[in-house]
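Engineer: here are the coordinates; sequence isn't available:
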């Protein structure tokens, strides 16, 4: 498999991750808006106020999640999948003796061609260690010696 195809596929899986999260949050917001409208029509007294307050909290939480999704989209927009470098940077696919990583957003485990990659943010603890490293660099993370085998 060509290196560019791996990077393009991992990028696409990260986009799908963000789009799925966006859809989920939009569904929650829509559901809460409908519930708020029905609370207004059918409830009275303290129960009414408590229900509305709970829904408002849920809406605020969904708004924060929406902000996080927007930030993930911005990070993905900065990735140039045609850019190759021997130095780990945003958008790099990095193979180590421990695991394989895609420096992008925190999207968790991705599988491509029966191989596991972890989509991680450059601001995550392991992402901070990987950023700026080159092939054959070694560092210690969580008590393990990590050696970089390849960078795409």
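Structural biologist: Yep, it's here. Please read all numbers here as calculations on a predicted model, not as lab measurements. Residues are numbered from 1 along each chain as shown.
Engineer: And the residue nearest to residue 93 when sequence neighbours are not counted, what's its pLDDT?
Structural biologist: Distances taken as C-beta to C-beta, 6 or more residues apart in numbering place residue 152 nearest to residue 93, at 4.2 Å, with adjacent residues excluded. Every residue, glycine included, has its C-beta placed from N, CA and C. If you check residue 152, the pLDDT there is 91.
Engineer: those strands in this structure, which residues are they?
Structural biologist: For the chain, the strands defined by DSSP state E cover 93-96, 100-104, 108-112, 115-121, 138-141, 144-151.
Engineer: most neighbours per residue, which of the ones you listed?
Structural biologist: Among the strands of the chain, the stretch with the highest mean neighbour count (mean count of other C-beta atoms under 10 Å) is strand 100-104, at a mean of 24.
Engineer: now it and strand 108-112, what's the angle there?
Structural biologist: 110 degrees (axes from the mean of the first three to the mean of the last three C-alpha atoms, to 10 degrees).
Engineer: What strands flank strand 100-104, and is each parallel or antiparallel?
Structural biologist: strand 93-96 (antiparallel), strand 115-121 (parallel) (DSSP bridges).
Engineer: can you list the domains in this protein?
Structural biologist: 3-78, 93-151 (automatic domain parsing).
Engineer: Adding distance to residue 84, write the ones you listed out as TSV.
Structural biologist: Listed next are the domains of the chain as TSV, based on distance: least, C-beta to C-beta, whole Å:
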stretch	distance to residue 84
domain 3-78	7
domain 93-151	8
